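Enquirer: Sequence and predicted model, in that order:
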Amino acid sequence: MDSWRDVTVLSRGGLYTNEDALVLASSNPGAAIRMLNFEISQFGGYRRINGFEPYDATYPTLPGLGKVLGIWIHSDTVYGARRNSGDATGSLGTNPFAVTDGSATVTVTHVSHGLAIGSFVTFAGASTVGGLSLNSEFVVTSTPTANTYTFTAGGTSNATTSGGGASVTYSYSYYYSVYRFTAGVGWGSDITTGTRSAIGVNKLRTTEHSFTGLEVHIVTDGVNRPFRHNGTTYIEIYDRQGTSDTDTEDQLSNIFDTSNGDATVNVTHVGHGLSVGDTVRFSNIDVNLGGENANNKDYTVTVIVDDDNYEFELSSASTVSAQNNVGGTAINWFYTLAGTGTKNVTSAKYNTDFRNHIFFAGMSDNPNFLVFSSPNTDLNYQPATGAGVINIGFTITGIVKFRDNLYIFGSDKIKRLVGNSSADFVLQEVTNNIGCIASDSIIEIGGDILFLASDGIRPIQGTARIGDIELETISKPIQQILQALPANQDLDDMCSVVIRAKTQFRYFFPSAVSSADSEGIIGGIRFANQRTGWEFGQLLGIQATVAASGLINNQEVIVHGDRSGNIFKQESGNDFNGSEVVSVYATPFLYLDSTEKRKVFQHLALFTRPEGQSTINLGIAFDWDDPAIPNPGTYNLTTAGALLRYTTTGGTYDSTFTFGGSSSPVLETNLQGSGRAISLIITSTGTQAPYSISGFSITYEEAGYR
């Protein structure tokens, strides 16, 4: 026994995929060469992550079809967006499908179908055509005529024919809707009235601000106009507008004049500030203008009569008697300017607030432009009132405010905006060889901004020197994983979330196949030896298309939506919505001072912090996975329950907490086998409670050289 030795290793350092195995075993033995579904434990070591479960088990799914497009938390309420299931439904004529032998293209005949490329179509009741089953959802690929459109089937036809039968029904999806969650009611009260195009919409992005005096969210989707809501009122954003809402301009009263047989409409609006070519829209008109319903339609200004009057044209000449001073006393109005002094924010992808302005970027027609509102308003974009446009000089991939700067990212460049208003905004260079390759990787955490660059995760952080910026990569330990992302993942599909209580972030890369195949990155800050450092791991099994965190009743809540339209609450439960959680922690190969001297391994003590009953599987590998060296079988280590100490608040004697604790928080087992180096592979599979691995101690004796 005098020849026995022991070594104790603290579990810290996180996942390393880049370090040389010998160096890692010597300099960072508590790190991991595999780290799956483990996080940095707040009590030291590594902790198997919590599970997730439906946000509400009674109402787990948003209305509609497809993936969850957006999710956010506003005023203690969760909001979610999803594509509508059936904006138009009906029956098609007999044999509406035409196919060609050897082709996957299907042509559909539907008089005045009204579809566009990218529209979603679903069929039922169709018989097989050319060997193709067409009772499914498809995406429109072309619209040759107003009465025909095409889509691509899942296979190729075995004949040139028409068919489908006489009982084919259709459901067309044009729009998406945003729903608020109400306890006991579910996902109701569509706040957008279902008129926002879903064609080409991949996800919604949001910013919350309160510089107008109300807590509001600004939402962009990359296709439609941005909109804002305060929990009760939904407003699409134009350059200038007036509505019934108290934080916009006044409504107009009886402003329209028309003449019989003439399509011209005269509008009286004192100090309108419009020009020919500008776009106008109205709502809450209480009469048809010239026989036409002019509510919620865009019209182009054709004539500026004077400073207080202008004209636009109806779609056809008036069919009613002359109308004078009509429209009602509460007309809402919306203007978008066509002049060079501003840029239309329709199709903006990104938004944020900075210095009491709202900023938009990522417009499809103007990808280089940054558009900002007038100060202290998010509904006025006229240059004369302090709004403006800045040409950044490159395609913008993201924007974020940080301290006294607004950072603007390109794929390989970064600039920042400093100043307080249009009078003193100044654009400054940050770098011309580093940028952001994934818009939704930009997060604020731990006093820094993190983003995914082509060479890893980088921070934006202020250093001790005023105005200096630190951009050094923090993710060198997992460089191999990150560099493979562009080839293996669609970075436009990724999303991220910050768990502030843990100073932790998660990047999700949702698989199109299944939740089980969905991968991710988890990062957290560890404080040790009076220093802080980032540690990383990998996620598997969380198919998050969008994610958000926020306060509900003053408690942090983390939610995500998946490809099936479900809304889940993370950090809740022990499993992934009923599916098992697979976790792996593999240590480096520890050679214990000598790579050539054989050791006989006697005993292992695994220091744990169980949070309930769990079974931990311990695997042993010798000599850097040399296939000629036999490894012992798996050891099963079991904890009986979580220890309930007197310092625990709200503890009860039940199946989760047991007075006296687990059988032991130190799990011990004798070991079999010998080798020059040893690696521990700690795994668990199931729906058991989380647990932490704080470290381990190995007892061994040296057996000399051979």
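Expert: That came through fine. Numbers count the residues shown, from 1 in each chain.

Enquirer: When you work out contacts or count neighbours from here on, use the C-alpha atoms and nothing else.
Expert: OK.

Enquirer: Can you list the buried residues in the lengthiest helix in the chain?
Expert: Counting by DSSP state H, the longest helix found in the chain is helix 21-27. Along helix 21-27, the positions that meet the burial threshold by neighbour count (16 or more other CA atoms under 10 Å) are 21, 24-25.

Enquirer: And those residues, which is the shakiest by pLDDT?
Expert: Checked by pLDDT, those have A21 as the lowest-scoring entry (80).

Enquirer: Count the neighbours of the closest residue to it other than its chain neighbours for me.
Expert: Leaving aside its chain neighbours, A21 sits nearest to P588 (6.7 Å; criterion: CA to CA, 6 or more residues apart in numbering). By other CA atoms under 10 Å, 27 other residues sit near P588.

Enquirer: quick one on the thing from earlier: can you give me how far whichever helix or strand comes after the longest helix of the chain is from the chain middle?
Expert: On the C-terminal side of helix 21-27, the nearest following helix or strand under DSSP states H and E is strand 34-36. Computed by CA atoms, centre = their mean, to the nearest Å, the chain-centroid distance of strand 34-36 equals 24 Å.

Enquirer: Can you spell out which helices and strands pack onto the following helix or strand past strand 34-36?
Expert: The first helix or strand that comes after strand 34-36 along the chain, using DSSP H and E, is strand 38-40. Taking 3 or more CA pairs under 8 Å, 6 or more residues apart in numbering; DSSP states H and E as contact, the helices and strands that strand 38-40 lies on are strand 46-48, strand 519-528, strand 531-540, strand 581-586.

Enquirer: Out of the ones you listed, the one nearest Q461 is which?
Expert: Taking CA to CA, strand 531-540 is the member of the helices and strands packed on strand 38-40 nearest to Q461, at 14.2 Å.

Enquirer: Using PDB, list the CA coordinates for the closest one.
Expert: Provided in PDB are the C-alpha atoms of strand 531-540 (Å, rounded to 0.1, in the frame of the first residue of the first chain):
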ATOM      1  CA  ARG A 531      -9.600  35.500 -12.800                       C
ATOM      2  CA  THR A 532     -12.500  35.000 -15.200                       C
ATOM      3  CA  GLY A 533     -12.400  32.900 -18.400                       C
ATOM      4  CA  TRP A 534     -14.700  31.500 -21.000                       C
ATOM      5  CA  GLU A 535     -15.400  27.800 -21.100                       C
ATOM      6  CA  PHE A 536     -17.400  26.000 -23.800                       C
ATOM      7  CA  GLY A 537     -19.300  22.800 -24.500                       C
ATOM      8  CA  GLN A 538     -21.600  21.400 -27.200                       C
ATOM      9  CA  LEU A 539     -25.400  21.000 -27.200                       C
ATOM     10  CA  LEU A 540     -27.400  18.200 -28.800                       C
END
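
Enquirer: for the very next helix or strand once past it, packing partners?
Expert: Next helix or strand after strand 531-540 toward the C-terminus (DSSP H and E): strand 546-552. Strand 546-552 is packed against strand 65-74, strand 495-499, strand 555-561, with contacts defined by 3+ CA pairs under 8 Å, 6+ apart.

Enquirer: Would you mind measuring from Q602 to G164?
Expert: Note on Q602: its distance to G164, by CA to CA, to the nearest Å, is 72 Å.

Enquirer: May I have the phi/psi pair for the nearest residue to Q483 once chain neighbours are set aside?
Expert: Excluding the flanking residues, the one nearest Q483 by CA to CA, 6+ apart is D455, at 6.4 Å. Listed backbone geometry of D455 is phi -120, psi 20, with angles given as degrees, to the nearest 10.

Enquirer: Quick check: pLDDT value at D455.
Expert: Per-residue confidence (pLDDT) for D455: 90.

Enquirer: That one against Q479, yeah?
Expert: Yes. If you go by CA atoms under 8 Å, D455 and Q479 touch, sitting 7.3 Å apart.

Enquirer: Kindly confirm my reading that the residue nearest to A21 is in a strand.
Expert: No. Secondary structure assignment (DSSP: H, G, I helix; E, B strand; the rest coil) places P588 in coil, not in a strand.

Enquirer: contacting residues for it?
Expert: P588 is in contact with 21, 24-25, 29-33, 679-680, counting by CA atoms under 8 Å, 6 or more residues apart in numbering.

Enquirer: mean confidence for the strand or helix carrying F505?
Expert: For F505, the element it lies in under DSSP H and E is strand 504-509. Per-residue pLDDT over strand 504-509 has a mean of 97.

Enquirer: Next: stretch 370-383.
Expert: Per-region confidence: stretch 370-383 scores 92 on mean pLDDT.

Enquirer: pLDDT-wise, which helix or strand of this structure ranks last?
Expert: In the chain, the helix or strand scored least confidently by mean pLDDT, DSSP states H and E is strand 657-658, which has a mean of 48.

Enquirer: one step back: quick one: contacts for the residue nearest to Q483?
Expert: Taking CA under 8 Å, 6+ apart, we find D455 in contact with 473, 479, 482-483.

Enquirer: Dump these into CSV; add neighbour count and pLDDT as well.
Expert: Supplementary listing: the contacts of D455 in CSV, determined by neighbours: other CA atoms under 10 Å; pLDDT from 0 to 100:
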residue, neighbour count, pLDDT
T473, 17, 87
Q479, 18, 91
L482, 19, 92
Q483, 14, 88
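
Enquirer: Flag the shaky bits of the stretch 451-600 of the chain, pLDDT-wise.
Expert: Low-confidence segments of the stretch 451-600 of the chain, defined by pLDDT under 70, span residues 462-468, 470, 528-531.
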